[in-house]
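> what's the 3D shape of this:
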Amino acid sequence: MTWESLYNFFGIKDFVYFISSSQIQDMLFPIKLVFLLASLFFLVMVIYFMVRSSWLQYKFLEDVTEFFSWQAYGQREMAKQWDRVKKRVESGAESDYKLAIIDADDFLAEVLDNRGYEGKDFQESIKKAGRLITPILDDILLAHETRNSIVYNPNYKLSVEQAKKVLDFYETAIKNIGLA
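Numbers count the residues shown, from 1 in each chain. As a prediction, the model looks like this:
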């Protein structure tokens, strides 16, 4: 059996001739035109919304930045922000130590949120980070308690050594979570 006989047997040849006839094509032209216009409309709308949204720009910028900097997107900004926190400790004023610890805690919470470890409170967010935090969980919770003492007790005394130690805990946690 040949292909020609199969086409004849199933009536495919007659159907193709019928569909491609000029009479049917003339009748289908308005329908084709409507579908063509609808397709063009939706294509234009997709392009319009892609251009108007920041998602495409963000994705393009993210890829280009990662390619040329050889770092994860946002890593440089994280490092700059962390340097600002650390510079507060170098000032020599206790109020700056306290602000540095509060900023470090906020920064860690931001990193946790950005990485998808969101929770109703700080402890829940930390625990969601799981294995990234487990080795230093107690240190982070101690650092967070120090932060809470600073915030809720205006007479809380903090030495520069204690502030540096607490900031080291935060820095370790941020590096563990930020590089994951």
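> contacts, neighbours, all on C-alpha from now
Will do.
> helix, strand or coil for the residue nearest to Ala129 when sequence neighbours are not counted?
If the residues on either side of it in the chain are set aside, Ala129 comes closest to Tyr117, at 5.8 Å by CA to CA, 6 or more residues apart in numbering. Per DSSP: H, G, I helix; E, B strand; the rest coil, the secondary structure class of Tyr117 is coil.
> which residues sit in contact with Tyr117?
The contact partners of Tyr117, taken as CA atoms under 8 Å, 6 or more residues apart in numbering, are Ser125, Ile126, Lys128, Ala129.
> Let's see that with 10 Å instead.
With contacts defined as CA atoms under 10 Å, 6 or more residues apart in numbering, Tyr117 is in contact with Ala109, Glu110, Val111, Glu124, Ser125, Ile126, Lys127, Lys128, Ala129, Gly130, Ile177.
> Point out the ones among those that are inside helices.
Filtering the contacts of Tyr117 for membership in helices, criterion DSSP state H, returns Ala109, Glu110, Val111, Glu124, Ser125, Ile126, Lys127, Lys128, Ile177.
> helices or strands up against whatever helix or strand Glu4 lives in?
Secondary structure from DSSP states H and E places Glu4 in helix 3-10. Contacts of helix 3-10 with other secondary structure elements, assessed using 3 or more CA pairs under 10 Å, 6 or more residues apart in numbering; DSSP states H and E, are made with helix 12-19.
> Thanks a lot, see you next time.
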